[in-house]
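Colleague: just need the structure, nothing else, for what follows:
(2 chains)
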Amino acid sequence: MKKIFKIFILITVSVSSFSCKKDILDTEPTTILSDEQIWKDPKLVTSVLANMYNRLPRYSSNISGTENYAIFDDAMWSGLTNQDLEIRNNLPEYAYDRWRYWDYVLIRDIHVALDQIKAANSPTMTTGVKAQFDAEFRFLRALVYFELVKRMGGVPLVTTQLIYDFKGDVTPLQKARSKEEEIYDFIASEADAIKDVIGNTGNARRANKYAVLALKSRAMLYAGSLAKYNNTPGFTNIATTGREVGIPASRAQGYYQKSLAASNEIISSGVYELYKGNANLGENFWEALTKKSGNKEVILVNDYNKAQDRRHSFTFLNTAPSLREEGTTSQSEIVPSLNLVESFEYTDDPAGALKGVGTGSNTAAGQANWIFYDKLEDIFAKKDARLYGTVMYPGSSFANKSLQILAGTYTWNATTKKYDRQESNPSAGGVTGQDGPSRNQQNISNTGFYIRKYMDAAPGASTSTNGSDVWWVMFRLGEIYLNAAEAAFELGLPEALTDINKLRERAGFPANSITTLTIDRIQNERRVELAFEDHRLWDVIRWRIADKIWGGASTPTTANVYALYPYRIVHPGHPNNGKYVFDKIVAPRFLTPRFFRQGNYYASISATVMNNSGNLIIPNPFH
Amino acid sequence: MKSFKLTRKYFSGYNLQKSIYFSILLLLLCTFVSAQQVIITGKVVVGDSALADVTVSVRNSTIATKTNETGFYSIQVPSNSTLVFTSVGFVTKEVRVGSSSVINTELEFQSLQLNDVIVVGYGTQRKGNITGSVSSIKSDEIMRTPASTTSSAIVGRVAGITARQATGRPGQGTSIQIRNLGTPLYVIDGVPQSEGQFNNVSSEDIESISILKDGSAALYGVRASNGVVLVTTRKGKSGDKGKLSVNTYYQLQNLTRYLSASDAYTHMRASAEAQQNTNTLANGGGINGGLVTITPAELEKWRLGTDSGYRSTNYRDYILQKNAPQKYININASGGNDRMNYYVSLGALSQEGIVNQFDFKRYNFQTNVEGTIIKGVKFGAQLNGRVEGRYNPASTTNADAYDNPFLAILTTWPMERIYANDNPNYINGAVHRPDRNPANFDRNVVGTQDNVWNNFGSIFYTTIELPFGFSAKATYSYNYKQNKNEVFRKNFDIYTYDKTTGEYKVKTTQALLRRNKSRQEIKENFTAFQLNYNKRIGKHTISATGAYEYATEIDEFVAITSSPANNYLPVIRTQDVTAIDNSYIETKRGSVIGRFNYDYRRRYLFEVLGRYDGNYIYPPGKRWGLFPGVTGGWVLSEEKFYGDKLKGIMNYVKLRASWGRTGNVVGVSPFDYLIGGNFPSGNYVMADGSVINGVGIRSLPITNITWVKSTIKNIGIQLGFFNHKLTAEFDAFSRDLTGIPAPKVDVVVPVEVGYTLPNENLDSDRTLGIEGTITYTNRIGEVNYSVSGNATLARRKNLERYKPRFGNSWDQYRNQSDHRWADINWGYEVTGQFQSVEEIKNYTINNDGQGNTTQLPGDLKFRDVNGDGVITNLDERPIGYGGNNGGTFGGNNPYMSFGLNMSFSYKGFGINLDWTGATLQSYYRIFESVVPFQATHNGPEYLFNDRWHREDLYDNNSAWLPGKYPAIRRINNHINYTRRSDFWIKNISYLRLRNLELVYNLPKSILSRVHLSGAKVYVTGTNILTFDNMKDIELDPEIGQNNGLVYPIMKLYTFGINLTL
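Modeller: Predicted coordinates:
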């Protein structure tokens, strides 16, 4: 029996010696850094910044919210058909919460960072380093407030951490909305306070002085035009009594002046210049947004880097079938509209409408206007070079591959004295080109165009594994020229013409191509220069014209998405044989005209936000 | 055999001649018998009735006889020997021959198995003493279903198990739950294990499975709220001389059901009808009819299908093979003496999918050895290993590789060909979805995707007998599991054929080239000490158990993805790497466990149990909790007042009740209690060429949350009738979950603070149910039979919700969840289908929200419940039970499940039938199974044939002909389909013959000639017969996915041999 006890004790001792520990259930996290570790180390503080830059909102961009390109008039959805009907091409109206944004989590995190930096105490966190970090976090906060105010109107202006004491009383935390203008004023004063502290000189990937000025230039322009156009006769003034939305007209001039001053400070600094690296003006414009080396036009970008596994799938998702490197898995989701194509002027004609197009009705009358072009691309000859840089149209090529855009053929019918239309399934071969346009096939253009801006020509970019690292340009000099031109125009200053013509010269227009400036001209210039750069929606909102161009059935020419269907003529023995004609039709998959309501000028505030504020936060008009 | 027949007849005095022969024989026999012989006579009874045909033999000799019809026997035996009474269905009894020459004895029925030893938590118990709700399944029952996974083998065996085999994928288990409570905790040989580990124990190696369904699970603490499944592997028995056993089977797998895709003609006709039924505002709504561009001549060519270019492709036949084989072999040896016992087993299973090249292979070994060092001290080791591999072609899309073939059956168009010019060397590229062309689903074309588990498990233990009724056990277990996933996807070309030149041209290269290697390593350590006490003092039996356990687990993961430089070699180089991923997770648990049992004359039974359980996931100070349980039983039939008369009918009555508390880890993640920053959290390029991983600032720490408390109450009754020929067991139970995490909605901080207040343990729900088993065992002549039925009904009900608030009374009606049954599914009620154009025009209810302009005859009419003249979501009503897994419609096992197990044996022949069934469960159909041309795909035959359509395809004024389904259109989001309605819901009920097994045990006379101790041949049909209401939509009643496009459950035929040496 003694032996048994000995063995028992032996085993107990030997096994328990493996498991002797203070708290046997303690484990160490492998994905969490403590506050002590983070805030004493500038490298990790930079990592906090990296996290926040990455969280900045983009409503429609090449890296997120891409589908929002397809819900206005510059483009439509040609991707999977099941998305088509419900949300993209059959939108009866824009939901009031469509561009809602209320990211106070990011604002809280910025405030945590600001407080931690203030308290930081370590040899590497010197006063200078701390001041610079402080400025950069405040830039991010200003940018977030700009995103908030442009979508929501005046929001609660929170500038410190709001800490709940878990005692049941939340009233000290509840805040009402500030005035719309107060948010814009906050952005301006923050910009002034940080621009000379922020550093990052020469780095376009983090905010520096000029990124701060660019934000101010844009924000002040928005504030100025809101003050002006919300109070234009003929427009139902959108305002609340507490001016949570609605900036008085009297403030317009001051905002325009601030914007112009900020723009001019950037332009006159000489740090930036318009990209002119390629003699081919169309290619040059595409490179202005995609080329990274030697690009002195960009002020702030969200960069990508495949070698370090930061990549996106914009090219994979928007490639024409004939350009695809990954067979049939890649897609063609966003395709530009004919509306956008026609808004590009001819260099010799300020009107942009394409010449000699048919109605597509398959009748003699519908074919009466046809011009018989020798080559597909002839119809675009002498167009603003920015069209080439933005859109792939019939007859163009990309990365040394020609696109196969052809809707079918028109064959002469001697008995009916008209041409008969033939189309086929683009993927199965036949008279229709591989790239369509197709009336109903998914992932083949429905409009006859493909997007070029942001498309990546690098090998493998259109595959799902490699992806693309084309960056997203947040601010560039091109926009600053347009901001300056618009502000100067609104202030009645002559320099407006110089600024706008400088951009047009780059696009192949002769010097001084505009001699008299109108707001319409400025609006069109912004549309073509800044297409797909997340400006269109916010521009038409601040000019208060969104409800006029997207008026549903009442504005068919601007609220519908149009397509251009090219055909080859089959008429043996006739001079027109083998020539090309074009039909302009409403895009077949496009079912409901765009309809922008008064209530869409500001997004709705969620019921939760209002409830949780103890109803201090009031809704926007019409909601 | 022959002599025994004679014996019977002799005693019955029926055949005089044979009696005489027998007398001579007996006399002759006597003369050979040596001295010291005694003749023993007696009567064998069960209760009051005599028992015939009982074998009476002498231990360790060949002397044997049988009882006659009145239960009498007579046998001459050496003095001081032991008589052994055996009979099928009865407990074997041994009686030592003493001074008396008359030995009358009573046998006990085996059916209730009161003396069977059942594995319960931290020990074993005699079945008669069990007071909790515990079911047990024996190895022979598990072996009866030749399934590749353990979960599939136990379905329908005992009350309380609900199951759904949502997919029949090779190597995939069945989703089982105990009483619909959720996924249970699995414990194998005393060590908690994963569900995958449970499913892949070789069925041969399982001795028994016990299922703890009530408060008795409290011994397993914080993870046991959904019940516990205990598995015990086989051990050698001392006194077993040693035997070698081989079991092998060959199985043929076939489809039960799968949707039939339409052929080319049906597809084209439907396409033409869709044109005719076009709904555009331009033609004033669909009722006017659209223009059909597909010509009658063309349609006719498709119908004939003789012209080249007009042949229909049957993808289903191409993709699915018939009689896919599964093979299994297991060899095991076992034996033992009083110092040592062993069980060694080696098994292999190989399963081919019904889709070519989708294979499952598994190799298992199990070695259980136990030896006595000195008297009272035993050491043992249980070692097991497993290689479990799933080998597939890679996926041509980014979807799951298994799904592609099944999706392809309906995605492809029957008008298209699989190969260009039907030449199998050239995959056809001129198809609308080349990624779903089944020619791609080939390891040689698209590459491979192989997943292999390499597992090694070990348990080392020692047991020590101590004085005063104490015994102790120490256990250490180490498991190493490695999961290896390797994807090597290739580029390949697809072609077009040029008829004029006869050339094959590359249409495109499907550039799928990609290599992904991942490894997951799981290391589990488990240590336990256990001290037992067992003492019988007169009529009182006391036993107690105390234990301490500590377990850690480390889970490491590394994955590398690359875009390799070539299509051929598997090497990965740094330059090709596109992504790396890795993680490291450590978990720890500790427990102190105690149990005390008391029984008085096996009449009053009482048990207290508890576990003090600690889990690393909670913040320090909130990690440990006590989980107690109490169970009690009263064997009423043992009482003196329980009269003999009553006992003659109902011989056994036991009442039992239990209460137990366990825990459930819900709504909490590790380290929720820490602040600081998450790394990595996003990344950003902060300078040219410098991607920085982000640090995300964490939200408020969560320190106030703890486990959900689960309280299980159970009352049960166990009955035996007619000397246990008929037994019955019924249970009623409830499980309350309290403290389900939810937000405190009355203290809401403004959204602008940038964080939300942590959830607190606030809400509660209750699962209620009943279950029962009735078993009848008897024999008629030489036919032994047993019929056993079981059923379970269990459903969850939400109880408290923290201060729910509703905007209006409709909101409350629709969205209130507290004090209501859970998993109510809402939708529209369909009142019928439009019968004519006239009816649509005159219809006063706005059915489609667009003035009925989108309606055609055959479209669904929805009930306008609130009578406002327009159908909106306000008209939704509860229309279904919990739905199928993997869909948008819940994911529940059926509320009611039942099983019926029947076995008959006659001499060496046996027939076993196992029925399983379920009801109170919904299947909501969506996508391909209801929508014509879903996402431009093909449609099922029934949808394109049994539909509303115009009599003449080319005459828009022709009459409408009725069908079951709405008229065909190419509108995927038509309200017919998008509105969830009872038209598309099936409330499933089914009864399935899960197994039909025919067994033949070869007679001993043949076996002895070939030196075998046992040989069995068997044929089993699995899932060969099903009565259900899903036939019309060609889907299996257990299917999970809403569109039905998954690997269906299989119909199996198995041929097996089991030899024992």
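Colleague: enumerate the residues of the stretch 251-400 of chain A near chain B.
Modeller: With Cβ under 8 Å from any Cβ of the partner chain as the criterion, the stretch 251-400 of chain A meets chain B at residues A:292, A:302-310, A:324-329. Every residue, glycine included, has its C-beta placed from N, CA and C.
Colleague: where is the longest strand in chain A?
Modeller: If you go by DSSP state E, chain A has its longest strand at strand A:562-570.
Colleague: which strands and helices sit next to that one?
Modeller: Under the contact definition 3 or more Cβ pairs under 8 Å, 6 or more residues apart in numbering or on different chains; DSSP states H and E, strand A:562-570 sits against helix A:338-343, strand A:408-413, strand A:580-586.
Colleague: quickly run through the sheet partners of that strand, with directions.
Modeller: Sheet pairing of strand A:562-570 (DSSP bridges) gives strand A:408-413 (parallel), strand A:580-586 (antiparallel).
Colleague: any idea how far residue B:435 is from residue B:489?
Modeller: 12 Å (Cβ to Cβ, to the nearest Å).
Colleague: just the ones of the residues of the stretch 251-400 of chain A next to chain B in strands?
Modeller: Using DSSP E, those in strands are residue A:302.
Colleague: any idea where the strands of chain A begin and end?
Modeller: Counting by DSSP E, the strands of chain A are A:32-33, A:75-77, A:298-302, A:334-336, A:357-358, A:391-392, A:397-398, A:401-402, A:408-413, A:418-422, A:450-451, A:472-476, A:562-570, A:580-586.
Colleague: cool, the stretch 551-700 of chain B as well?
Modeller: B:577-600, B:604-615, B:624-635, B:650-664, B:677-678, B:683-687, B:690-693, B:696-697 (DSSP state E, counting those that start in this stretch).
Colleague: out of the helices and strands packed on strand A:562-570, deepest packed?
Modeller: helix A:338-343 (a mean of 24; mean count of other Cβ atoms under 10 Å in any protein chain shown).
Colleague: dump the strands of the stretch 551-700 of chain B into JSON lines; add distance to chain A as well.
Modeller: Shown next, in JSON lines, are the strands of the stretch 551-700 of chain B (distance: least, Cβ to the nearest Cβ, whole Å):
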{"stretch": "strand B:577-600", "distance to chain A": "5"}
{"stretch": "strand B:604-615", "distance to chain A": "5"}
{"stretch": "strand B:624-635", "distance to chain A": "8"}
{"stretch": "strand B:650-664", "distance to chain A": "15"}
{"stretch": "strand B:677-678", "distance to chain A": "5"}
{"stretch": "strand B:683-687", "distance to chain A": "4"}
{"stretch": "strand B:690-693", "distance to chain A": "4"}
{"stretch": "strand B:696-697", "distance to chain A": "4"}
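Colleague: got these as CSV, with mean pLDDT columns?
Modeller: Output for these, formatted as CSV (pLDDT from 0 to 100):
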stretch, mean pLDDT
strand B:577-600, 93
strand B:604-615, 93
strand B:624-635, 94
strand B:650-664, 93
strand B:677-678, 96
strand B:683-687, 96
strand B:690-693, 95
strand B:696-697, 96
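Colleague: including mean pLDDT, could the strands paired with strand A:562-570 go into JSON lines?
Modeller: Listed next are those as JSON lines, based on pLDDT from 0 to 100:
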{"stretch": "strand A:408-413", "mean pLDDT": "94"}
{"stretch": "strand A:580-586", "mean pLDDT": "96"}
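Colleague: now tabulate these in JSON lines and tack on distance to residue B:880.
Modeller: Shown next, in JSON lines, are those (distance: least, Cβ to Cβ, whole Å):
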{"stretch": "strand A:408-413", "distance to residue B:880": "48"}
{"stretch": "strand A:580-586", "distance to residue B:880": "41"}
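Colleague: related to what we said a few turns ago, which of the residues of the stretch 251-400 of chain A next to chain B are buried?
Modeller: Buried subset of these (neighbour count, 16 or more other Cβ atoms under 10 Å in any protein chain shown): A:292, A:302-306, A:309-310, A:324-329.
Colleague: biggest helix in chain A by residues?
Modeller: Ranked by residue count under DSSP state H, the longest helix found in chain A is helix A:127-152.
Colleague: that helix vs chain B: in contact?
Modeller: No. If you take Cβ under 8 Å from any Cβ as the test, helix A:127-152 misses chain B, and the best it gets is 10.5 Å.
Colleague: let me see the contact set for residue B:764.
Modeller: Counting by Cβ atoms under 8 Å, 6 or more residues apart in numbering or on different chains, residue B:764 touches B:736, B:737, B:738, B:739, B:740, B:798, B:799, B:800.
Colleague: closest one of those to residue A:91?
Modeller: Residue A:91 lies nearest to residue B:798 out of the contacts of residue B:764, by Cβ to Cβ, at 37.1 Å.
Colleague: tell me how many other residues surround residue 532.
Modeller: I went with chain A, as the question did not name one. By other Cβ atoms under 10 Å in any protein chain shown, 23 other residues sit near residue A:532.
Colleague: chain B was what I was after
Modeller: 20.
Colleague: thinking again about what came up before, what angle separates the longest strand of chain A from strand A:418-422?
Modeller: Between strand A:562-570 and strand A:418-422, the angle comes out at 110 degrees (axes from the mean of the first three to the mean of the last three Cα atoms, to 10 degrees).
Colleague: what mean pLDDT does strand A:562-570 get?
Modeller: Across strand A:562-570, pLDDT averages out at 97.
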